[in-house]
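Enquirer: fold the following and give me the result.
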Amino acid sequence: MTDAASPAASRRATSAGDPAPGPGAPPVLPQHRNPLGNLLRGALIGVVETVPGVSGGTVALVTGIYDELIDAGHHMTAAARRLLTGPDRLAGTKEHLRAVSWVLVIPLLIGMATAVLTVAGPVSRLVEDHPQTMRSLFLGLVAGSVLVPVRLSGGRWRLPELLRFGLGVLAGLLLTSLPTASLDPSPWIVAPAAAIAVCALVLPGLSGSFLLLSLGLYQPTLQAVDERDLGYIAWFGLWACVGLVVVVKLMRHLLTRHHRATMVVLSGVMIGALRSLWPWQGADGSLQAPGADWPLLLGIAVAGVLVVQLLVLVEARAAARAAAGTGD
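Expert: So this is what the prediction gives:
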């Protein structure tokens, strides 16, 4: 996933109407300009979004595109708003659309859609047939990812950061301890569920699939994708877009004004959300003591950690080459 970008291209111009960066905001946004690399990133996000307990936002963090993706989402939603409400509808819309990193967004969406349409069914069956093995793997992947927002928070944590981290852990635990419901997949149930679940696409540590599982809509949704139920998919997608507009606007504000605090809280949420990936669980989701197979499952989890650290290393080297103007 190596990307090339000149130092000048690494600096995003701030559009009119955007808030000025506040204290703790990152000075520049990286530019991921390799379409093939972005296609693969999208495929990874699409795959993990079909797995309960794993968030596409986590993959975005690990592969270094999180801030840039939030910024692109902000400008896309702002363009739609300017087109509908003005002022200067045409000029304002063009201004925001020019600020979108389309070389990131288009391959990313293609990769996500391709992965979801091709692996949703097989992944669902794999999780159902080998739950402990899959949870062990993803436990390692997510645990290895926590170091990313910790590093991005910058500097030593003092009492305020520790308190925010603790609140994030508590939030992650509460959200992944929701009792499983069984709701009828009617349009008026699917609409709010889609709007809420898509938030997990943006928030690292929270899994949209897990929230759908808690609501009893995980299997109906994957089945609709697997069977190409276009009516269900279109309705779900519409309300997912509504939820995405809201959460992108919120995260853009937090990352711009409170970048350090946001990364600290996200670190805590990711730790707390590991509860949903504990390999030994009862049928009702209750946690159980490790079984006799714990050495094997521990090895699988460690392998997951190592895979993530390898991805982080590759991404860091690609970013260093891009900053030096010597990318591929």
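Enquirer: just the helices in the stretch 1-150 of the chain please.
Expert: Here the stretch 1-150 of the chain has its helices, by DSSP state H, counting those that start in this stretch, at 35-48, 56-62, 66-85, 89-99, 102-129, 131-145, 147-153.
Enquirer: quick one: residues contacting residue 300.
Expert: Going by C-beta atoms under 8 Å, 6 or more residues apart in numbering, residue 300 touches 133, 136-137, 140. All C-beta atoms are positioned from the backbone trio N, CA, C, and that covers glycine.
Enquirer: check what pLDDT the residue positioned nearest the centre of the chain gets.
Expert: Nearest to the mean C-alpha position of the chain, counting by C-alpha atoms, centre = their mean, stands residue 57 at 1.2 Å. Looking at residue 57, its pLDDT reads 81.
Enquirer: my guess is it contacts residue 66. True?
Expert: Yes: the criterion here is C-beta atoms under 8 Å, and residue 57 meets it with residue 66 at 6.9 Å.
Enquirer: so what sits against both of the two?
Expert: Between them, residue 57 and residue 66 share the contacting residues residue 204, judged by C-beta under 8 Å, 6+ apart.
Enquirer: shaky segments in this structure?
Expert: For the chain, the stretches with pLDDT under 70 are 1-33, 52-53, 120, 180-184, 200-201, 205, 319, 322-323, 325-328.
Enquirer: what about the strands in the stretch 201-328 of the chain?
Expert: Remark: no strands are assigned in the stretch 201-328 of the chain by DSSP state E, counting those that start in this stretch.
Enquirer: which residue ranges form the helices in it?
Expert: Assigned by DSSP H, counting those that start in this stretch, the stretch 201-328 of the chain shows helices spanning 208-214, 218-226, 230-257, 259-272, 294-323.
Enquirer: tell me which residues in the shortest one are buried?
Expert: I take that to be helix 208-214. Using 16 or more other C-beta atoms under 10 Å as the test for burial, helix 208-214 gives 208-214.
Enquirer: that helix - contacts with which helices or strands?
Expert: Secondary-structure packing of helix 208-214 (3 or more C-beta pairs under 8 Å, 6 or more residues apart in numbering; DSSP states H and E): helix 187-197, helix 199-202, helix 218-226.
Enquirer: go again with 6 Å.
Expert: Helix 208-214 is packed against helix 187-197, helix 218-226, with contacts defined by 3 or more C-beta pairs under 6 Å, 6 or more residues apart in numbering; DSSP states H and E.
Enquirer: who's in contact with the residue nearest to residue 108 when sequence neighbours are not counted?
Expert: Among residues not flanking residue 108 along the chain, residue 42 sits closest, at 3.8 Å (C-beta to C-beta, 6 or more residues apart in numbering). Going by C-beta atoms under 6 Å, 6 or more residues apart in numbering, residue 42 touches 108, 111-112.
Enquirer: what's the closest of those residues to residue 161?
Expert: The nearest member of the contacts of residue 42 to residue 161, counting by C-beta to C-beta, is residue 108 at 30.9 Å.
Enquirer: how near is that closest one to residue 251?
Expert: 17 Å (C-beta to C-beta, to the nearest Å).
Enquirer: in terms of neighbours, single out the busier of these two.
Expert: Neighbour totals were compared for residue 108 and residue 251, and residue 108 leads with 28 against 23 (other C-beta atoms under 10 Å).
Enquirer: so that one touches residue 38, yeah?
Expert: Yes: with contact defined as C-beta atoms under 6 Å, residue 108 counts as touching residue 38 (5.1 Å).
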